[in-house]
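Q: Any chance you could fold what I've pasted below:
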Amino acid sequence: MTAARRLFGLLAEFDRPENLVAAARRVRQEGFRKVDAYTPMPVEGLAEALGVPPSPLPPLVLAGGLLGGIGAFAMQYYASVVDYPLTVGGRPPNSWPAFVVIAFEVTVLAAALTAVLGMLALNRLPRPYHPVFNVPRFALASRNRFFLLVEAADPRFDPDATRKLLEELQAQGVWDVEP
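A: Numbers count the residues shown, from 1 in each chain. So this is what the prediction gives:
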């Protein structure tokens, strides 16, 4: 087995978010596409530097809310008009103002559930294991360090050349990530 086959990738550690963003931008300019970053806080400009596409979550939340609202209205319509029509106070069975409050509440509930479940699914969470957990220094990613991972599955990945590139980018250290 070659070194590239045994590796999941190379993990570079940075002490400042600006250095991480600059490194991510440079690695992407060099043609790498399977790159990820790990930070203890949100870093402005990092998503753009990594080339992260826009999130598909907003249309999913809209669809969940619309389906919830239409479903709630349809359920009330069926109960009041089709299944058990009652004339109360002279109003018609299809009195939509009476349905608005429940339809609104179910719309909000469905949109919120879609947002939470969609976020978890799109981020592939929960993730109890990832190869970067094998690097002891990675524990600092939740405290005060910033990490850039270049995966070995990237077509441009060469262990020696990639390590040299990451070291040129002022990385505090570069570690092999084994699967």
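
Q: and Gln29, how many neighbours does it have?
A: Look at Gln29: counted by other CB atoms under 10 Å, it has 9 neighbours. C-beta here means a position set from N, CA and C on the backbone, and glycine is covered the same way.

Q: typo on my end, Ala49
A: The criterion is other CB under 10 Å. On that basis, Ala49 has 21 neighbouring residues.

Q: And for Ile102?
A: Other residues within reach of Ile102 by the criterion other CB under 10 Å amount to 14.

Q: any idea how far it lies from Ser95?
A: For Ile102, the distance to Ser95 equals 13 Å [CB to CB, to the nearest Å].

Q: Which helix or strand lies directly C-terminal to the helix or strand harbouring Val61?
A: Take DSSP states H and E as the rule and Val61 turns out to sit in helix 57-77. Next helix or strand after helix 57-77 toward the C-terminus (DSSP H and E): helix 96-122.

Q: Check which helices and strands that following helix sits against.
A: helix 57-77 (3 or more CB pairs under 8 Å, 6 or more residues apart in numbering; DSSP states H and E).

Q: and this protein, what are its domains?
A: The record, using automatic domain parsing to delimit domains, assigns the chain the ranges 3-53+130-177, 57-122.
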